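Novice: below are the sequence and a predicted model for it; my questions follow.
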Amino acid sequence: MTKAKRNFLVWSVTVSCIAWMAVVGWLLFVMMPASVEHHSSAAVKDRMATQCQGSFKDRYECKEAIIVESGRDTFWTMAGRFLAVVVPPMLLSAWLSSYLKRNPIRLHARHIDEGGDWKSRAQMHTKAPTPPPGHAGGFEPDEEMPQKSYSLDDIAPVDDWKTRAQNKTRHPPK
């Protein structure tokens, strides 16, 4: 897998998860149907008015039982709706994580640190390749020609910021 494919996959899964949560959350919570009963809905109030008769204590206990039952039903309905909004993105994210672990980014040999620092990697690229003896089409002198080895500082000198800063700084006379 290339880094570009990995980034595309991560971004597409992220955008699809956010879109899922926004659309399904809007449909299930904001546009709530009237069939979902809660303690102040008209259906629950009608049930309390028709079923709860008798003394004050009997009416109170009856209404309390109806409110507790509707609250329990509302909880399970809302919990199911919440899970419908949250679980699919979580499963997709878990799949993406396992897929990315099984398919790492392939690095080319030139990207692997040999010396561990940028200078040694750059020096690897500045070495002049020499053709093997008997190379077809190449020029082979009778005696071996001396080869100059180039250093990185010959090709791209590194600015010594510390020396420059010390030269520009004025020290007070002692």
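Specialist: Now that the structure is in, tell me what you want to look at.
Novice: the lengthiest helix in the chain packs against which elements?
Specialist: Assignment by DSSP state H gives helix 56-102 as the longest helix of the chain. The helices and strands touching helix 56-102, judged by 3 or more Cβ pairs under 8 Å, 6 or more residues apart in numbering; DSSP states H and E, are helix 3-25, helix 42-51. C-beta here means a position set from N, CA and C on the backbone, and glycine is covered the same way.
Novice: that helix versus helix 42-51: what angle between them?
Specialist: 150 degrees (axes from the mean of the first three to the mean of the last three Cα atoms, to 10 degrees).
Novice: and helix 56-102, average pLDDT?
Specialist: For helix 56-102, mean pLDDT rounds to 91.
Novice: for residue 147, report the pLDDT, please.
Specialist: 67.
Novice: make residue 1 into 195 and carry on from there
Specialist: Fine by me, first position is 195 from now on; the one you just mentioned is residue 341.
Novice: if we can go back for a sec, please produce a markdown table containing the helices and strands packed on helix 250-296, extended by mean pLDDT, mean neighbour count and distance to residue 271.
Specialist: Below are these laid out as a markdown table (pLDDT from 0 to 100; neighbours: other Cβ atoms under 10 Å; distance: least, Cβ to Cβ, whole Å):
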| stretch | mean pLDDT | mean neighbour count | distance to residue 271 |
| --- | --- | --- | --- |
| helix 197-219 | 94 | 13 | 15 |
| helix 236-245 | 83 | 13 | 13 |
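Novice: now for these, which one comes closest to residue 263?
Specialist: helix 236-245 (9.0 Å; Cβ to Cβ).
Novice: name the residues that touch that closest one?
Specialist: 231-232, 256-257, 260-261, 264 (Cβ atoms under 8 Å, 6 or more residues apart in numbering).
Novice: which among those residues count as buried?
Specialist: Buried residues within the contacts of helix 236-245, defined by neighbour count using 16 or more other Cβ atoms under 10 Å: 231-232, 256-257, 260, 264.
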